[in-house]
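# 3D, please:
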Amino acid sequence: MELMPAFKLHQPADVADAVALHGGAEDARYVAGGTDMLVNVRRGIERPATLVSLEAVAELKEVSEDADGVTIGAAVSLADVAALEVLRRDYAAVAEAAGEVAGPTHRRYGTLGGNLCLDTRCLYYNQSEWWRASNDYCLKHRGDVCHVAPGGKKCFAAFSGDVAPALLVHEADVTIAGASGRRRMPLAELYRNDGMDHLTLAPGELLVAAHLPKRTAGWPSAYAKSRIRGSIDFPLCGVAVAFDGKDARVALTGVSPHPFVVSKTDAGDLVGLRDRVQSQAKAMKTTTVPPHYRRRVAGALARRLAEQLGT
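Residues are numbered from 1 along each chain as shown. Predicted coordinates for the structure are as follows:
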């Protein structure tokens, strides 16, 4: 790890100020818990000239429930998300996923928004400066070749946030704030299948909150993941499953540059569900574990969760 570089720090009091400060600063980044971004800064992967702290923005830490559903501010800690009674009761997969992120200390500082906007990860990217330099860097950062797929020009670094698939199976929306105002969109539209540019946020835009709709409250749902070390590691693959009363909704993380909902899953055919998940989990060699193992584990986890929820 390298020393922290010099940077300017702003501490806005509300969302509008945060967006304005970000837009008026040189090479700025938002920071809340910083459990992943600051590690990348110490590795020399990122060198922001300005950090806009969200610590004092009260709106981002609010949780509310009304006739339309539940709204969770982007700066609510993952530990608090995991403990929310309304989630444990009506959107169980979301609480379970938040409770599975890294270790207890990470969850106390890490935030919902940070987990949803987590940078993509790869064996050749998340390394020290000397290690990356010895490999002539990579396509995602300062290099010309993707070491995962050297013959192409696409980055396959994987999105590894735990909470996104759980929100996806419950059909969540997100609110985004930017220089032109606020907009609300389905969470799925926040992502694109591109390891180098996986978020659809415009420069300076800020994730404000996630919204869980009332129509999916009470759907039986669950989340599970596989990882090398059960205490702290990112998922080799993560699976969320929900039953909507007719079919199973399955979403994956850790096996692609974006979290996504698996298409055409039949709750009455557990073997078919497993095989469909396995075929759509396009894992590449972005970790030390072989891709075929991660695909098979994704299918097995989906079948296990669907069977448990069905029972």
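# Tell me how many other residues crowd Asp17.
Per other Cβ atoms under 10 Å, the neighbour tally for Asp17 reads 15. Heads up, the C-betas are built off the backbone N, CA and C, glycines and all.
# got the phi/psi numbers for it?
phi -60, psi -40 (degrees, to the nearest 10).
# In this protein, spot the helix with the most residues.
As assigned by DSSP state H, the longest helix anywhere in the chain is helix 291-310.
# quick check: mean pLDDT across that one?
For helix 291-310, the mean per-residue pLDDT is 95.
# From the rest of the structure, what touches that helix?
220-226, 236-237, 239-243, 248, 250, 252, 254-255, 262, 265, 267, 270-271, 273-275, 277-278, 281-285, 287 (Cβ atoms under 8 Å, 6 or more residues apart in numbering).
# average model confidence for stretch 115-135?
pLDDT averaged over stretch 115-135 gives 95.
# where's it relative to the chain centroid, distance-wise?
Distance of stretch 115-135 from the chain centroid (Cα atoms, centre = their mean, to the nearest Å) equals 16 Å.
# Straight-line length of that stretch, end to end?
28 Å (Cα to Cα, to the nearest Å).
# Show me what counts as buried in that stretch.
115-127, 132 (16 or more other Cβ atoms under 10 Å).
# same question, stretch 247-267
Neighbour-count burial for stretch 247-267 [16+ other Cβ under 10 Å]: 248-262, 265, 267.
# what about it, how long is it end to end?
Stretch 247-267 has its terminal residues 5 Å apart, counting by Cα to Cα.
# Over to stretch 157-172?
24 Å.
# for stretch 59-73, same thing?
One end of stretch 59-73 sits 7 Å from the other (Cα to Cα).
# Show me the helices in the stretch 1-150 of the chain, by range?
Ranges of helices in the stretch 1-150 of the chain, per DSSP state H, counting those that start in this stretch, are 15-23, 37-43, 78-83, 85-90, 92-100, 104-109, 112-116, 129-134.
# Let me know the angle separating the longest helix of the chain from helix 92-100.
Relative orientation of helix 291-310 and helix 92-100, computed by axes from the mean of the first three to the mean of the last three Cα atoms, to 10 degrees: 130 degrees.
# Measure how far helix 291-310 is from the centre of its chain, please.
Counting by Cα atoms, centre = their mean, helix 291-310 is centred 19 Å from the centre of its parent chain.
# For that helix, buried residues please.
291, 294-306, 309.
# cool, and stretch 135-155?
Of the residues in stretch 135-155, those buried under the neighbour-count criterion (16+ other Cβ under 10 Å) are Tyr137, Cys138, Leu139, Lys140, His141, Gly143, Val145, Cys146, His147, Val148, Cys155.
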